[in-house]
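**Student:** My questions are about this predicted structure, shown below with the sequence.
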Amino acid sequence: MPNTEVREVEHFITVDASAEAVYRLIADVRNWPRIFPPTIYVDHVERDGGDEVIQIWATANGEAKQWTSRRTLHPEELRIEFRQQVSAPPVAAMGGSWIVEPLSGTECRVRLLHDYRAVGDDPVSLRWIDEAVDRNSNAELDALKTNVELATASEELTFSFEDTVHVDGSVKDVYDFVNEADLWSERLPHVATVRLTEDVPGLQTLEMDTRAKDGSVHTTASYRVCLPYQKIAYKQTTLPALMNLHTGYWTFTDTGAGVEASSQHTVVIRAENIAKILGPEATVADAKAYVKNALSTNSCATLGYAKDYAESRT
């Protein structure tokens, strides 16, 4: 029988925050799109005490991938074990651990361990995985350090909001309108051009040029995870100057008396650009209001046109 080559690697970083705070951030997967650059979206499949199954959508070497992992949480040891249940080729199997070690009351070391092998033990594939794990692990740890320390220093930069409309139509029609973003330049007046790819069903790469109220055109890029007739989650990868982060999701709820369609946004303001964009007297509150208005205007317009589309087909 051929030998199966299992690679074992470790990455670590020191974080200026308590070990307990860092562990809590890693343990709650809802935080991952905000703190880990490669992560697009994470959803729970199963939860049973300290054991859980999660579905992860993330990028690896610039390619969007999807996999399912089982995690076991050990809060008393500040340790989380993970193992992919369904891996994405060229990965045949992958697992590992997060270990958070307190160095003092305000500092800790985070260790990220991986073990993995390639499909067919192909050496080219193994090198691809080596590069992806190294790149993503360093990015995840750097982002973890940055975002934990940023959150500790200033929570005022992060905010979330949601817009909702009621639609007298079918949930499928409302969902289809948002899912079919390749048609937005024809359906939405604030969208100039769209470039959408969907090599894997339900996993989209979306680039579009959007017109602002002043007539200027801005290019944005996002990864989108499309869960039919329920939710479309996204993470913006090309950001305006006032944002450090922008994630969100569209949700579609059949109430029996129509559809509740919502657009949710989570944003982290880039504080160092506030004065440059809004003027020397502008505050964080001004920046939040400016960004919220811009995002909400586009979201409400899209929801309004989705409503018209769905109701016209009833």
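**Tutor:** Thanks, I have the structure now.
**Student:** quick one, phi/psi of the spatially closest residue to H11 that is not a sequence neighbour?
**Tutor:** Computed as Cβ to Cβ, 6 or more residues apart in numbering, the closest residue to H11 that is not its neighbour in sequence is S137, at 4.1 Å. C-beta: built from backbone N, CA, C; applies to glycine. Dihedral pair for S137: phi -60, psi -50, per degrees, to the nearest 10.
**Student:** Which pLDDT value does the model give S137?
**Tutor:** pLDDT recorded at S137 is 94.
**Student:** again with S154
**Tutor:** Looking at S154, the pLDDT reads 63.
**Student:** Kindly confirm my reading that D286 is in a helix.
**Tutor:** Yes - with DSSP: H, G, I helix; E, B strand; the rest coil as the criterion, D286 is part of a helix.
**Student:** What is the burial count for it?
**Tutor:** D286 is flanked by 15 other residues according to other Cβ atoms under 10 Å.
**Student:** What segments of the protein are strands?
**Tutor:** 7-15, 39-48, 51-60, 63-74, 79-86, 91-104, 107-118, 158-167, 191-200, 203-211, 217-227, 231-238, 243-254, 259-269 (DSSP state E).
**Student:** Rebuild those strands as a markdown table, extending it with distance to K292, mean pLDDT and mean neighbour count.
**Tutor:** Shown next, in a markdown table, are the strands of the chain (distance: least, Cβ to Cβ, whole Å; pLDDT from 0 to 100; neighbours: other Cβ atoms under 10 Å):
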| stretch | distance to K292 | mean pLDDT | mean neighbour count |
| --- | --- | --- | --- |
| strand 7-15 | 30 | 97 | 15 |
| strand 39-48 | 22 | 93 | 16 |
| strand 51-60 | 26 | 91 | 19 |
| strand 63-74 | 28 | 90 | 17 |
| strand 79-86 | 34 | 93 | 16 |
| strand 91-104 | 34 | 96 | 18 |
| strand 107-118 | 33 | 97 | 19 |
| strand 158-167 | 6 | 96 | 16 |
| strand 191-200 | 20 | 93 | 14 |
| strand 203-211 | 16 | 92 | 18 |
| strand 217-227 | 16 | 92 | 18 |
| strand 231-238 | 15 | 94 | 19 |
| strand 243-254 | 11 | 95 | 20 |
| strand 259-269 | 8 | 96 | 21 |
